[in-house]
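K.L.:
Turn this into a model:
(2 chains)
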Amino acid sequence: MNKCTERLYNGLVKENPTLVLMLGMCPTLAVTTSAFNGLGMGLSTTAVLVMSNLMISALRKIIPDKVRMPAFIVIVASFVTIVELLVKGFLPSLNESLGIYIPLIVVNCIILGRAEAYASKNPVLPSIFDGIGMGLGFTCSLTVIGLIRELIGAGTIFGAHVLPDGYEPFSIFVMAPGAFFVLAILTAVQNKLKLKSATNGDAPQATSTLACGGNCAECVGETCTKNRMMIEQKLDEAAAKKGDVKAVNKNAFPETAGDKTGSEGGNR
Amino acid sequence: MKEMLLLLVSTALVNNVVLSQFLGICPFLGVSKKTKTAVGMGSAVIFVVTVASAVASLIYNFILVPCELEYMKTIVFIAVIAALVQLVEMILKKFIPSLYKALGVYLPLITTNCCVLGVALLNVQNNYNFLESIVNGFGTSVGFCISIVLMSGIRERTENNDIPHVLKGSPILLITAGLMAIAFCGFAGLI
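P.N.:
This next block holds a predicted model:
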């Protein structure tokens, strides 16, 4: 299979960010009150993801390894601001219903996760397709969850009435608890069919060892601690080589650079 | 004073940050396995969100607004929060080692926790002044702490229960969260 189509398939099906990897849960639950909102959120995220993947992949040899996380965050934040202004200008109604979740795309695990796991290691073209695939996977799952919630909770699909007038909508499904229930049912179906999913530990593991790869669902802070211990150990070894005087100095002043990489790497 | 109290209750209980606004779901589902870690995470969030909303409010009102750079708020806030967390970590490590030991692991996790950035942005959106921003930040993070500690308590109890095979893992977790969200809907009559 061609590398670019393989990336698309990977994002849409094999490593679907919402349903398989369970990343980016906050927007998934928050904005899927209707199919249109889900679609809008998914497409905004896709736009940011493609642009940031392109930029990060193009700059991957220039950005120093130690400051890569802050650099990624600034790149992503710039694109999010652009998307935010565009949505505000051209789709004011969508902006109204998505509210602060558009600027919050910055902290979506999917974007930093892809930047770290794929775009920072691969050439530009596959990275763009990786962004498109992941983004479309996210968009599709958000739209599907939105469709289910809108259909049960309001009896409509994309705003058009489809169920008979006698149908009494379960309005709880468009409220906050409904989001949890719909996602619970979807993951239960995955469990039942024994599909690959983060819920039963079959999801493909993140490739990066130093950073956690954005696997928030499994994170209890262990990766951070482990990374930190690894870095401190390395620094200790380096200090031991240079002599005891340096080692004493290190204890007095916590190593800023090493600490930063460790903590930034694990904080998704 | 009365408004402040109302704001505190409404952010902590009525508009609970996790269960009705869906900010900070990742740590809510991930770090709630044990009550002890949940308490640590919750208190670290209270600490960071309160400080971050104060700093973000100052920066927005005294730097961004006079310079007409309001559209830069997302970039500025995320950079400030990331720097702030590093700074807080260093200060704690140097001056209050006991607190650092209790919260240290969770601090770096918080940088990209959406509730920190979310609260800073909400403060701006609602035109809160400096004091209101602090109260809002504190109330929101207390709400986070309450829900994550409750969740971890429930999880510890249901851990060894006989759950249908298909519901094991995330599904039962999400259903629990949904039931908690229904319970928190009851607070809507409070104000």
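
K.L.:
Tell me, how many residues neighbour residue 41?
P.N.:
Looking at chain A here, since you left the chain open. Other residues within reach of A:Met41, judged by other CB atoms under 10 Å in any protein chain shown, total 28. Placement of C-beta: from N, CA and C, glycine included.

K.L.:
I was after chain B.
P.N.:
Other residues lying near B:Met41 total 30 when counted by other CB under 10 Å.

K.L.:
again, but for the one 5 residues further on
P.N.:
The burial metric for B:Ile46, expressed as a neighbour count using other CB under 10 Å, is 20.

K.L.:
Tell me how far it lies from chain A.
P.N.:
17 Å (CB to the nearest CB, to the nearest Å).

K.L.:
can you pull the pLDDT of that residue?
P.N.:
Looking at B:Ile46, its pLDDT reads 89.

K.L.:
contacting residues around it?
P.N.:
B:Phe138, B:Ser141, B:Val142, B:Phe144, B:Cys145 (CB atoms under 8 Å, 6 or more residues apart in numbering or on different chains).

K.L.:
Which single one of the residues you listed is nearest to A:Val162?
P.N.:
B:Phe144 (37.9 Å; CB to CB).

K.L.:
Longest helix in chain B, please.
P.N.:
Longest helix of chain B, by residue count under DSSP state H: helix B:130-158.

K.L.:
Can you name every helix or strand that that helix contacts?
P.N.:
When contacts are defined as 3 or more CB pairs under 8 Å, 6 or more residues apart in numbering or on different chains; DSSP states H and E, helix B:130-158 packs onto helix B:2-9, helix B:25-30, helix B:35-59, helix B:114-125, helix B:170-185.

K.L.:
That helix vs helix B:170-185, what angle?
P.N.:
130 degrees (axes from the mean of the first three to the mean of the last three CA atoms, to 10 degrees).

K.L.:
can you give me how far helix B:130-158 is from the chain middle?
P.N.:
Helix B:130-158 sits 6 Å away from the centroid of its parent chain (CA atoms, centre = their mean, to the nearest Å).

K.L.:
Any buried residues in that helix, and which?
P.N.:
With burial defined by 16 or more other CB atoms under 10 Å in any protein chain shown, the residues of helix B:130-158 counted as buried are B:132-152, B:154-155.

K.L.:
Can you report how many residues lie near B:Ile172?
P.N.:
Counted with other CB under 10 Å, B:Ile172 comes out at 20.

K.L.:
and residue 160, backbone torsions?
P.N.:
Reading this off chain A. phi -100, psi 130 (degrees, to the nearest 10).

K.L.:
My question was about chain B, not that one.
P.N.:
phi -100, psi 10.

K.L.:
Kindly report the same for the one 4 residues further on.
P.N.:
Recorded main-chain torsions at B:Pro164 are phi -50, psi 140, according to degrees, to the nearest 10.

K.L.:
any idea how far it lies from chain A?
P.N.:
Here the criterion is CB to the nearest CB. By it, B:Pro164 lies 9 Å from chain A.

K.L.:
So what's the predicted local confidence for that residue?
P.N.:
Value for B:Pro164, per-residue pLDDT: 86.

K.L.:
How much space separates it from B:Ser170?
P.N.:
From B:Pro164 across to B:Ser170, the span is 14 Å (CB to CB, to the nearest Å).

K.L.:
B:Phe95 now?
P.N.:
Going from B:Phe95 to B:Ser170 by CB to CB gives 40 Å.

K.L.:
more crowded one of these two?
P.N.:
B:Ser170 (22 against 9).

K.L.:
Test my guess that that one contacts A:Thr187.
P.N.:
Yes - using CB atoms under 8 Å, B:Ser170 is in contact with A:Thr187, at 4.7 Å.
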